[in-house]
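Enquirer: This is a predicted model, with the sequence first.
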Amino acid sequence: MLLVDPAKKISFNRYISDGDLVIVYERHDNMKAVKVCKDSVLQNRFGVFKHSDWIGRPFGSKVFSNKGGFVYLLAPTPELWTLVLSHRTQILYLADISFVIMYLEIVPGCLVLESGTGSGSLTTSLARAVAPTGHVYTFDFHEQRAVSAREDFERTGLKSLVTVGVRDIQGEGFPDDFCGKADSVFLDLPQPWLAVPSVGKMLKQDGILCSFSPCIEQVQRCCETLRANFTDIRTFEVLLRTYEVREGKMESCQADESGSTGSLPCKRRQRSSEGSNAKEVSGSPTIMARPSAEARGHTGYLTFARLRCLS
Ligand SMILES: C[S@@+](CC[C@H](N)C(=O)[O-])C[C@H]1O[C@@H](n2cnc3c(N)ncnc32)[C@H](O)[C@@H]1O
C-alpha cells in the first residue's frame with residue numbers, strides 16, 4: 001500500500017510484482033483485494049484471469065480474462081482499502097476520515113493515538129498521513145480484533161507505521177509512556193468521556209482530540225467532560241451527497257424564459273450553450289445530474305477539542 005524503505009522514504013512502486021496486494025475493480029461498488037501469486041488465477045463472472053498476466057503491468061491496468069471480460073487492477077490505497085476491508089465492526093468512511101485528518105492537522109512525523117482500532121479503516125489513513133517518520137499507536141480491548149488488525153496492516157504494508165495494543169482505554173486510559181507526546185488523539189469508543197482525562201495527559205500542549213459518536217447523547221456527555229481542560233470544542237456531522245452525472249435525453253424539463261427547469265431534480269445545459277437563452281430542444285442529448293439513491297446518510301458526530309495551554 002505504502003512502501004517505506006529503511007531510509008524512511010516513501011516509495012511509490014507503480015508496477016505490479018508477485019506478492020503484491022491489488023484491488024480488483026469491476027465497478028465502484030464491486031471490488032476486492034487480491035494478493036498476486038504467479039501460479040494463481042482469479043475466477044469471476046467475466047472468466048478466468050491468470051495472475052501471471054498481471055505481473056510487470058502498471059497499477060491501473062485493464063486486464064482480460066480467457067473469455068475477453070476485463071477488470072482493472074488498482075493500487076491498494078487507504079481510500080480503496082476502506083471499501084474492501086472485512087468489517088469486524090462499524091467503520092469510518094471517506095467523508096469522515098478526510099475531515100478528521102484535516103481537522104486533527106495530521107502531517108508526516110506526527111504521533112497519533114487511537115482507540116478503538118475496530119476494523120482499522122481509519123487507522124489505515126492515519127498511517128499514510130503520518131508516514132514516513134510518524135507513528136500511529138492504536139488500542140482495542142478486543143484481543144481478536146487487535147490480532148486481525150495487525151494481520152491487515154502487515155498485508156497492506158503499513159506494519160512499520162502502526163502498533164496495535166490490547167488495552168481497555170476507557171478503564172485504564174492510554175499508557176503513561178505517551179504522556180505529553182501525542183500530536184493528536186482519536187476516540188471511537190462507546191463512553192469516550194471516560195477516556196478524556198487520559199487524553200488530556202497524552203496530548204502535547206495545544207494538541208487536538210477528536211471523538212466519533214453515533215448518538216448525540218454521547219456527544220453531550222463528552223463535551224461536558226471536555227470543558228474542564230479543553231477549548232475550541234466543536235461538533236460536526238459530515239453529510240455526503242453523491243451525484244450521478246451522465247449524458248441522456250431530456251423528454252420534459254425544458255427551460256422557460258426565466259431559466260426555470262420545472263420540477264426535475266437538476267439539469268444544466270452544457271457550457272457551449274450557457275449564457276444563451278435558447279430553449280432546450282426536446283430529445284437532444286444533455287448532461288443530467290441527480291443525487292444518487294445510494295448516498296450514505298448519518299454516520300456519526302465528530303467532536304473536536306484542543307487541549308487548553310496551562311501557561
Ligand atoms: C466502532 S469500532 C471502531 C472502528 C474504527 N474507527 C474503524 O474505522 O474501523 C469500536 C471499537 O472500540 C473497541 N472498544 C470498545 N470499548 C473499548 C475500550 N474500553 N477500550 C478499548 N477499545 C474499546 C471495540 O472493541 C471496537 O473494536
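Expert: Good, I have the coordinates.
Enquirer: what's the residue in the stretch 201-311 of the chain that the ligand sits nearest to in contact with, if anything?
Expert: Nearest residue of the stretch 201-311 of the chain to the ligand, counting by C-beta to the nearest ligand atom: Phe212, 6.7 Å away. (C-beta placed from N, C-alpha, C; glycine too.) The contact partners of Phe212, taken as C-beta atoms under 8 Å, 6 or more residues apart in numbering, are 92, 96, 100, 186-188, 300-302.
Enquirer: Show me which residues of the protein are close to the ligand?
Expert: Counting by C-beta under 6 Å from any ligand atom, the chain comes close to the ligand at 89-92, 115-116, 118-122, 139-142, 145, 168-170, 188-190.
Enquirer: so where does Ser148 fall, helix or strand?
Expert: Secondary structure from DSSP states H and E places Ser148 in helix 143-155.
Enquirer: can you pull the buried residues of the following helix or strand past that helix?
Expert: Tracing the chain past helix 143-155, the next element assigned as helix or strand by DSSP H and E is strand 162-166. The neighbour-count check on strand 162-166 (16 or more other C-beta atoms under 10 Å) flags 162, 164-165 as buried.
Enquirer: cool, and stretch 51-58?
Expert: 51, 54-55.
Enquirer: For Arg221, give me its contacts.
Expert: 191, 193.
Enquirer: switch to 7 Å and redo it
Expert: Trp193 (C-beta atoms under 7 Å, 6 or more residues apart in numbering).
Enquirer: Are we agreed that it is in a helix?
Expert: Yes: using DSSP: H, G, I helix; E, B strand; the rest coil, the assignment for Arg221 is a helix.
Enquirer: hmm, who's touching stretch 170-178?
Expert: 113, 137, 189, 191, 194-195, 198, 202.
Enquirer: in it, what counts as buried?
Expert: Quick answer for stretch 170-178 (16+ other C-beta under 10 Å): 170, 173-174, 178.
Enquirer: Could you do stretch 95-105 as well?
Expert: Neighbour-count burial for stretch 95-105, counted by 16+ other C-beta under 10 Å, picks out 96-97, 99-101, 104.
Enquirer: Show me which of the residues you listed is closest to the ligand.
Expert: Ile97 (7.7 Å).
Enquirer: The closest residue to the closest one other than its chain neighbours: what secondary structure?
Expert: Nearest non-adjacent residue to Ile97, counting by C-beta to C-beta, 6 or more residues apart in numbering: Ser125, 4.9 Å away. In terms of secondary structure, Ser125 is helix; the call rests on three-state DSSP.
Enquirer: Okay, and which of the buried residues of stretch 170-178 map to helices?
Expert: Secondary structure from DSSP state H places Gln170 of these in helices.
Enquirer: Now pLDDT and distance to Thr242 too, for the buried residues of stretch 170-178, in CSV please.
Expert: Converted to CSV, the buried residues of stretch 170-178 look like this (pLDDT from 0 to 100; distance: C-beta to C-beta, whole Å):
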residue, pLDDT, distance to Thr242
Gln170, 98, 35
Gly173, 98, 39
Phe174, 98, 36
Phe178, 98, 38
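Enquirer: gap between Cys210 and Ala293?
Expert: 30 Å (C-beta to C-beta, to the nearest Å).
Enquirer: ok, these two, which is more surrounded?
Expert: Between Cys210 and Ala293, counted using other C-beta atoms under 10 Å, Cys210 has the larger neighbour count: 23 against 7.
Enquirer: so what strands line up beside the helix or strand hosting that one?
Expert: In the assignment (DSSP H and E), Cys210 maps to strand 203-213. Counting by DSSP bridges, the strands paired with strand 203-213 are strand 182-187 (parallel), strand 301-307 (antiparallel).
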